[in-house]
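1. Structure, please.
(one chain, ligands or ions: 1)
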Amino acid sequence: MKKKAAIRKLDGKRENAVRLPRTVRLVVAALILRPGPDGAEEVLICQRKADQPMSLKWEFPGGKIEAGEGPEEALRRELNEELGIHAEIGPLLTRVRHNYRNGGAVDIQFFRVRSFAGELENRIFQQIRWSGLEALPEYDFLAADLGMIHDLAEGKLKV
Ligand SMILES: Nc1nc2c([nH]c(=O)n2[C@@H]2O[C@H](COP(=O)(O)OP(=O)(O)OP(=O)(O)O)[C@@H](O)[C@H]2O)c(=O)[nH]1
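-> Numbers count the residues shown, from 1 in each chain. Model prediction:
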């Protein structure tokens, strides 16, 4: 009896121990910047389509890193697919880890982009637009981005 109880206890513990870790999606995204009319920086923001998960939320262009890709390479590919541009990927500005409520986790690396070739073309979004940094909190952004957009708006994260 004693032994069985001990095994049950162990099994209980093991059950906890083997709970699968969240799958972390490795994501890259771009802060594409341009000087605005008043000289302050503007950044390109994109709204997800109505039929996508997390519909109509705002985000920065980018996506998942595919197997065998480096982060910059993945971001160049995504910006070409989503916006039709050939971007020069600048430095990594910040990295954010976020656990979504549905159990998914993302690890997002945000890179600065100041220069690209080609005309911006909206290929997959509901809409794209330029926003001043201080206006970013007015948009309904994905939860993972909220800390960062507030830091950008308050000048705590330098671009
Ligand atoms: N591109 C981008 N993705 C972001 C941002 N913030 C954020 O949480 N993400 C998440 O990172 C993932 C990017 O993946 P994706 O763009 O390749 O794919 P997706 O939206 O079609 O999602 P899915 O393939 O997982 O359904 C999404 O789950 C998206 O919700 C952001 O600012 N930009």
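
2. Tally up the residues packed near Ala74, please.
-> When neighbours are counted by other CB atoms under 10 Å, Ala74 registers 21. Glycine gets a C-beta too; all of them are placed from N, C-alpha and C.

3. End to end on stretch 126-141, go ahead and measure it.
-> Using CA to CA, to the nearest Å, the end-to-end distance of stretch 126-141 comes out at 14 Å.

4. for stretch 32-43, same thing?
-> OK, stretch 32-43 end separation, CA to CA: 5 Å.

5. outside of it, which residues touch it?
-> 31, 44, 60-61, 79, 87, 112-114, 116, 130-134, 136, 152, 159 (CB atoms under 8 Å, 6 or more residues apart in numbering).

6. touching the ligand at all, that stretch?
-> No: shown here: stretch 32-43 not in contact with the ligand (CB under 6 Å from any ligand atom), separated by at least 11.1 Å.

7. and if you look at stretch 105-118?
-> Yes: applying CB under 6 Å from any ligand atom, one finds stretch 105-118 touching the ligand at 106, 108.

8. Which residue, other than its chain neighbours, is closest to the residue nearest to the spatial centre of the chain?
-> Centroid-nearest residue in the chain: Ile108, 4.7 Å away (criterion: CA atoms, centre = their mean). The shortest distance from Ile108 to any non-neighbouring residue, by CB to CB, 6 or more residues apart in numbering, is to Val27 (4.5 Å).

9. Tell me the secondary structure at the one you found.
-> Under DSSP: H, G, I helix; E, B strand; the rest coil, Val27 falls in the strand class.

10. Where do the strands of this structure begin and end?
-> Secondary structure of the chain, counting by DSSP state E: strands at 24-35, 41-47, 58-59, 62-64, 86-88, 92-99, 105-113, 115-117, 127-132.
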